[in-house]
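> what shape does this take:
(one chain, ligands or ions: 1)
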Amino acid sequence: MQNDKDVSRRAVLCGLAVLTLGLVPDTAIAATGVKVLANGKVEVSLSRNPALKKVGGTVQFQDRNGQSFALVRTGKSSSAYRAINLSCTHEGEKVVKSGTKWVCPEHRAEFALNGDVKVGPAKANLVQVPVKVSATKVTVG
Ligand code: FES
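Prediction:
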């Protein structure tokens, strides 16, 4: 019986350790905290998208035309974000996140998380979209 309590206590402590280390997912397909504004820009709430707390964290979303984009945390600075269009610059296929890069499923081009091309056949970086960063949100577009 004593062992059952120890295991249980250990499991609880491990769970708490994970929570207190601040481990948050580094990718999110935004279902909340993303608002398409009347002017077509997209507002991403920082508090509602915890993936962006970590360098390399991403949030994916679509604009009002159904185009796919990602907002990427590119550095420790509170203003270090980059928004990229997820259409491959080779022939337009939507790239997908694979670990710490974007990969095109069509012809296997690879891009760094910030959109820089790493492996062809694509020759150009993923297209960047301007961002405006405030304390609570990032406005894309
Ligand atoms: S469309 Fe992406 S590599 Fe060809």
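
> list, one by one, the residues from this protein near the ligand.
88, 90, 91, 93, 104, 106, 107, 109, 121, 122 (CB under 6 Å from any ligand atom). The way it works is simple: take the backbone N, C-alpha and C, and place the C-beta from them, glycine included.

> how about 8 Å then?
Applying the criterion CB under 8 Å from any ligand atom, the portion of the chain that neighbours the ligand consists of 88-93, 95, 104-109, 120-122.

> count of residues packed around the residue lying closest to residue 90 once chain neighbours are set aside?
The shortest distance from residue 90 to any residue other than its chain neighbours is 4.0 Å, reached at residue 122 (CB to CB, 6 or more residues apart in numbering). Counted with other CB atoms under 10 Å, residues neighbouring residue 122 total 22.

> just how off-centre is stretch 58-66 within its chain?
A distance of 11 Å separates the C-alpha centroid of stretch 58-66 from that of its chain, computed with CA atoms, centre = their mean, to the nearest Å.

> residue 39: how many residues sit nearby?
Here the neighbour count serves as a burial measure; for residue 39 (other CB under 10 Å) it reads 8.

> just the pLDDT for it.
Predicted confidence (pLDDT) for residue 39: 90.

> what does stretch 81-91 contact?
In this structure, residues lying in contact with stretch 81-91 by CB atoms under 8 Å, 6 or more residues apart in numbering are 52, 60, 67-74, 93-95, 102, 104, 106-107, 109, 114-115, 117, 120-131, 133, 138, 140-141.

> again with stretch 100-108
For stretch 100-108, contacts defined as CB under 8 Å, 6+ apart pick out 56, 70, 86, 88, 90-91, 93-97, 109-113, 115, 118-119, 121-122, 126.

> alpha carbons of it, in PDB - could you do that?
The C-alpha coordinates for stretch 100-108 follow below in PDB (Å, rounded to 0.1, in the frame of the first residue of the first chain):
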ATOM      1  CA  THR A 100      11.900  22.900 -36.800                       C
ATOM      2  CA  LYS A 101      11.200  23.500 -40.500                       C
ATOM      3  CA  TRP A 102       8.500  23.800 -43.100                       C
ATOM      4  CA  VAL A 103       8.400  21.100 -45.800                       C
ATOM      5  CA  CYS A 104       6.600  21.200 -49.100                       C
ATOM      6  CA  PRO A 105       4.700  17.900 -49.600                       C
ATOM      7  CA  GLU A 106       4.800  18.400 -53.400                       C
ATOM      8  CA  HIS A 107       8.500  18.400 -54.300                       C
ATOM      9  CA  ARG A 108      10.100  18.400 -50.900                       C
END
